[in-house]
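> Pasted the sequence and its predicted model underneath.
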Amino acid sequence: MENETEKFWKYLLNKKNRYLEKKEIKTIYIEFLKLWKQKKDSFEKVFDNLRKNKLLFLIDKKWSILGEEASQIIRKNKSMRNHIFFQNLFNYFKQENIVAYFGLSSAGYFEGDFWQTPHTFYLINNKYNLKKKIGNQTIIFIKFPEGTFIENAILKKDLIDSYPFSNSEKTLLDKIYYNEYLKGKINLLVPDNLNFENINLYLGFYKKYPFVKAKLICLLDEDQLKQIR
């Protein structure tokens, strides 16, 4: 069975699409059986074996077919499973033209405001409203309006952990929008190093949501208010 699993996995890797539903994987498995002239259908056992370190469930009923390197990483260090999950999730988003970035209280972690990995990640995106558990971490997908996405306000930490996250100014405005329009409960602390050129620029993307600017004005001190247009 293990030998069959390895052979089928390599057969899957030769397919162009690395993001498949289980039923699509089953169809490919039937092709695989015909190719090897095997009659016994052991798909469920093979699929369970693949789930150990060669498949990851993403979203939209899609499973990611992991390559050799990712599979080896998970096999040697199971704590890296979440890291591999996020890598594949963002690759899938790129393929499907889905915009997403780490925001709200998660953005501070990637910007280095605190070192301890959060138990909950907030993923701002333009498609999903859902909650997903990955190991001991929770991912909350929050759908924001298309008009509030600002490409220049999204940063990436480095080439290794190149996860997108919002900068300080975008994070603050997103937190206000989340609280005022989505009935969220996020602490609204104003960073000392805000770039008010960015704030004034980004506020233009929230014109349809006047409570964002109104709440921001309530949060600022007298000197900061002078910098708001």
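The structure has been received and is ready for your questions. Remember, it's a predicted structure, so these values are computed and weren't measured experimentally.
> Do a quick rundown of the helices in the chain.
2-13, 22-35, 43-53, 68-76, 81-95, 105-111, 168-181, 196-203, 210-219, 222-225 (DSSP state H).
> Kindly compare burial across those helices and name the winner.
Highest mean neighbour count among these (mean count of other Cβ atoms under 10 Å): helix 168-181, with a mean of 22. Any C-beta I mention is one placed from the backbone N, CA and C, and that applies to glycine too.
> just to revisit the earlier point, make JSON lines from the helices of the chain and add mean pLDDT and distance to Leu155 to it.
Supplementary listing: the helices of the chain in JSON lines, determined by pLDDT from 0 to 100; distance: least, Cβ to Cβ, whole Å:
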{"stretch": "helix 2-13", "mean pLDDT": "90", "distance to Leu155": "33"}
{"stretch": "helix 22-35", "mean pLDDT": "94", "distance to Leu155": "35"}
{"stretch": "helix 43-53", "mean pLDDT": "95", "distance to Leu155": "31"}
{"stretch": "helix 68-76", "mean pLDDT": "93", "distance to Leu155": "25"}
{"stretch": "helix 81-95", "mean pLDDT": "94", "distance to Leu155": "14"}
{"stretch": "helix 105-111", "mean pLDDT": "89", "distance to Leu155": "7"}
{"stretch": "helix 168-181", "mean pLDDT": "97", "distance to Leu155": "9"}
{"stretch": "helix 196-203", "mean pLDDT": "97", "distance to Leu155": "12"}
{"stretch": "helix 210-219", "mean pLDDT": "97", "distance to Leu155": "21"}
{"stretch": "helix 222-225", "mean pLDDT": "92", "distance to Leu155": "22"}
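> Phe141 is nearest to which of the ones you listed?
helix 81-95 (10.1 Å; Cβ to Cβ).
> Can you lay out the helices of the chain as CSV showing distance to Ile140?
Conversion of the helices of the chain to CSV gives the following (distance: least, Cβ to Cβ, whole Å):
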stretch, distance to Ile140
helix 2-13, 31
helix 22-35, 25
helix 43-53, 24
helix 68-76, 24
helix 81-95, 14
helix 105-111, 9
helix 168-181, 11
helix 196-203, 22
helix 210-219, 20
helix 222-225, 30
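> Show me the one of these that comes nearest Pro145.
helix 168-181 (8.6 Å).
> Compute the inter-axis angle for the closest one and helix 196-203.
40 degrees (axes from the mean of the first three to the mean of the last three Cα atoms, to 10 degrees).
> Let me see the backbone angles for His119.
phi -80, psi -20 (degrees, to the nearest 10).
> count of residues packed around the closest residue to it other than its chain neighbours?
Distances taken as Cβ to Cβ, 6 or more residues apart in numbering put Gln137 closest to His119, at 5.9 Å, once the chain neighbours are dropped. Neighbourhood size, Gln137 [other Cβ atoms under 10 Å]: 15.
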